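Peer 1: Attaching a predicted model along with its sequence, questions to come.
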Amino acid sequence: MDDENKLKSDIQIDNSQLYQEFLEERGQILRHKWLESEKEGRDIGFERALLDWVTNHRKKWRKDKGA
C-alpha cells in the first residue's frame, strides 16, 4: 500500500464531508479551466483557472449550493 492510500485508510478521508466538498470544488475548477481554455483556443493552466474561479465564481457557487 502506498503512502497516500495508507493515509486515506488511516483517517477515512474518502467519506469525510470536507473531502467531498474539495472534490466538488476541484470539479468546478476543472470545468472552468476547460471552458476558458476553449474560449481562448489554448490551455490556460490550472493555476490561472483556480485563481479566476475562486475570485469570480466561488462565492456564488457556494451560495447556490447552500454551503
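Peer 2: Nice, thanks for sending it over.
Peer 1: pLDDT below threshold where in the chain?
Peer 2: Residues of the chain meeting the criterion pLDDT under 70: 1-14, 67.
Peer 1: any idea which helix is longest in it?
Peer 2: The residue-count maximum for a helix in the chain (DSSP state H) belongs to helix 17-40.
Peer 1: surely W53 meets I29?
Peer 2: Yes: if you go by Cβ atoms under 8 Å, W53 and I29 touch, sitting 4.9 Å apart. (C-beta placed from N, C-alpha, C; glycine too.)
Peer 1: Give me the number of neighbouring residues for the closest residue to F46 other than its chain neighbours.
Peer 2: Leaving aside its chain neighbours, F46 sits nearest to K33 (6.1 Å; criterion: Cβ to Cβ, 6 or more residues apart in numbering). K33: 20 surrounding residues under other Cβ atoms under 10 Å.
Peer 1: isn't K33 right next to R42, touching?
Peer 2: No: under the criterion of Cβ under 8 Å, K33 makes no contact with R42, lying 11.5 Å away.
Peer 1: Could you grab the helix/strand/coil label for D43?
Peer 2: coil (DSSP: H, G, I helix; E, B strand; the rest coil).
Peer 1: How much space separates it from K60?
Peer 2: 25 Å (Cβ to Cβ, to the nearest Å).
Peer 1: ok, these two, which is more surrounded?
Peer 2: D43 (13 against 9).
Peer 1: I'd like to know how far the residue nearest the centre of the chain sits from N15.
Peer 2: Closest residue to the average C-alpha location of the chain: R26 at 1.0 Å, with Cα atoms, centre = their mean. R26 sits 17 Å away from N15, going by Cβ to Cβ.
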